[in-house]
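> Using only what follows, build the 3D model:
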Amino acid sequence: MATCSGVVLLLILFMTVEEVLSSQYVFSDQTTPAFKDYEMFQDIFPLTAGNFSDLVIKRPDPWIVIFHTGMLERSWKSMAVSLRGVVWVGMVDLNNNEQLLQEIGYSADNDSDARVYKHGTKKTKLKSWRRVSDPNTARSTAVSSIPDTTLQLTSDDLEDFLIDSYMSKPSRFPAVFITEEKESSAMMKALSLRFQKYFSFGRIVQPSASGLRGLGMEKFYKDMPTLLVLMASGGESMESPQFNAIPFDKKAMGEFNYPNILAFLFSVNREFRHLIPGDNGSDRRETVEMDDVVEIESLRFDVKGLHHSTESKKVLYEEVSDLQMEETIQKRIPDEL
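Next up, the predicted model:
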């Protein structure tokens with residue numbers, strides 16, 4: 001298993017998720033040996049007859065499945081890293097997976113280098129998979145299948161957004177992406193789907209200065225995109241609510257990418273769940289720890305280390321308005337995911 005630092009290092013060496021999804025990056029065609037064990041754990045999964053159905057078919061997440069004979073083009077590796085957290089990538093060795101190849105109807109003579117199993121139900125996966133021959137087509141096909149469950153908001157919508165979030169069971173944190181783009185990025189869509197039980201996600205496009213003040217963000221806003229988790233400062237009263245913002249701080253958390261936002265959301269849920277109104281579930285360990293999300297994300301990230309590491313911590317929250325408190329709130333999380 002890769003160490004936490006290995007995740008960060010690979011992310012720096014290649015590119016962030018946002019850079020790839022927002023660019024016209026063209027992958028090269030150099031051939032390299034297939035992934036080593038530690039690389040496969042983080043960004044690509046060896047698929048066999050024993051795990052293909054459970055991982056690819058029965059789960060709604062989009063998958064890119066690459067077929068190889070021991071060697072893999074560097075471009076596929078780069079693609080896997082660039083899509084970290086957003087799309088799952090698997091690899092089937094044609095030399096020793098005859099049973100699986102028969103089950104999925106793959107023929108090395110007639111099929112392409114990869115398949116895309118789009119986001120959807122088991123029925124969708126079985127009927128609507130697509131053959132692809134290059135990583136750029138694979139990436140665009142998989143990313144375009146991710147549904148957008150975020151809501152486009154204005155400052156006038158925030159009160160209703162807050163109330164709807166608190167009325168859920170368990171009550172959810174209202175989380176707002178601040179962005180310059182009218183459409184949600186693939187990363188935003190993926191995060192919204194993964195954490196939808198615990199967070200309601202909206203997006204505000206190019207907010208005005210007054211809009212930022214209304215979000216309690218004037219002290220924190222620096223550049224876009226960013227993410228705020230909102231808290232109502234008036235307790236459970238929804239009459240003319242004032243908002244406090246818990247911001248994703250890039251200086252503390254690092255680049256705005258899936259692994260770092262994953263760490264941020266786990267920390268917010270663990271430290272602030274008891275403060276949100278409604279049936280917040282703060283008395284239930286599985287809600288505070290988001291066990292269902294951990295079960296999935298621990299396949300590719302060191303989520304256990306995120307929850308329990310006591311080394312190399314840094315300040316996450318500073319000057320988070322009052323939140324019923326007079327002093328600065330300082331919450332700490334690991335340096336690395």
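> Give the buried residues for the strand or helix carrying Ala245.
For Ala245, the element it lies in under DSSP states H and E is strand 243-247. Using 16 or more other C-beta atoms under 10 Å as the test for burial, strand 243-247 gives 243-247. C-betas here are computed from N, CA, C, even on glycine.
> Same question for stretch 165-176.
Under 16+ other C-beta under 10 Å, the buried positions of stretch 165-176 are 165-166, 168, 170-176.
> Between the residues you listed, which sits nearest Trp88?
Ala175 (22.9 Å; C-beta to C-beta).
> Could you pull up the residues touching that closest one?
By C-beta atoms under 8 Å, 6 or more residues apart in numbering, the contact set of Ala175 is 199-202, 227-230, 265.
> Sitting in strands, which of those do you find?
199-202, 227-230 (DSSP state E).
> what are the phi and psi values for Lys197?
phi -70, psi -30 (degrees, to the nearest 10).
> Find the nearest non-adjacent residue to Phe201, please.
Distances taken as C-beta to C-beta, 6 or more residues apart in numbering place Ser192 nearest to Phe201, at 4.1 Å, with adjacent residues excluded.
> in what helix or strand does the one you found lie?
helix 186-194.
> for this structure, longest helix please?
The longest helix of the chain (DSSP state H) is helix 258-272.
> Please find the angle between the direction vectors of that helix and strand 243-247.
Between helix 258-272 and strand 243-247, the angle comes out at 130 degrees (axes from the mean of the first three to the mean of the last three C-alpha atoms, to 10 degrees).
> Against which helices or strands is helix 258-272 packed?
Packed against helix 258-272 by the contact rule (3 or more C-beta pairs under 8 Å, 6 or more residues apart in numbering; DSSP states H and E) you find helix 4-13, strand 173-179, helix 186-194, strand 226-232, helix 250-253, helix 303-308, strand 332-334.
> one step back: just want the angle from the strand holding Ala245 to strand 173-179.
Using the same axes, to 10 degrees: strand 243-247 against strand 173-179 is 70 degrees.
> Can you give the strand pairings for strand 243-247, parallel or anti for each?
strand 226-232 (antiparallel) (DSSP bridges).
> For the strand it pairs with, buried residues please.
Applying 16+ other C-beta under 10 Å to strand 226-232 flags 226-232 as buried.
> Of these, just say which sits nearest to Thr48.
Leu227 (37.0 Å).
> picking up where we left off before, okay, the buried residues of strand 226-232 in JSON lines with distance to Glu98 and pLDDT next?
Shown next, in JSON lines, are the buried residues of strand 226-232 (distance: C-beta to C-beta, whole Å; pLDDT from 0 to 100):
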{"residue": "Thr226", "distance to Glu98": "49", "pLDDT": "88"}
{"residue": "Leu227", "distance to Glu98": "46", "pLDDT": "92"}
{"residue": "Leu228", "distance to Glu98": "51", "pLDDT": "89"}
{"residue": "Val229", "distance to Glu98": "49", "pLDDT": "92"}
{"residue": "Leu230", "distance to Glu98": "53", "pLDDT": "87"}
{"residue": "Met231", "distance to Glu98": "56", "pLDDT": "80"}
{"residue": "Ala232", "distance to Glu98": "59", "pLDDT": "68"}
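> Rebuild the residues you listed as TSV, extending it with distance to Ser145.
Output for these, formatted as TSV (distance: C-beta to C-beta, whole Å):
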residue	distance to Ser145
Thr226	26
Leu227	23
Leu228	28
Val229	28
Leu230	30
Met231	34
Ala232	35
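> For Val89, state which of those residues is nearest.
Nearest member of those to Val89, counting by C-beta to C-beta, is Leu227, at 24.8 Å.
> and which of the buried residues of strand 243-247 is nearest Arg131?
Nearest to Arg131 among those, with distances taken as C-beta to C-beta, is Pro247, at 43.1 Å.
> Bridged to the closest one, which residues?
Leu228.
> From what I see, it and Leu227 are in contact.
Yes: the pair Pro247 / Leu227 is scored as a contact, 7.4 Å apart, by C-beta atoms under 8 Å.
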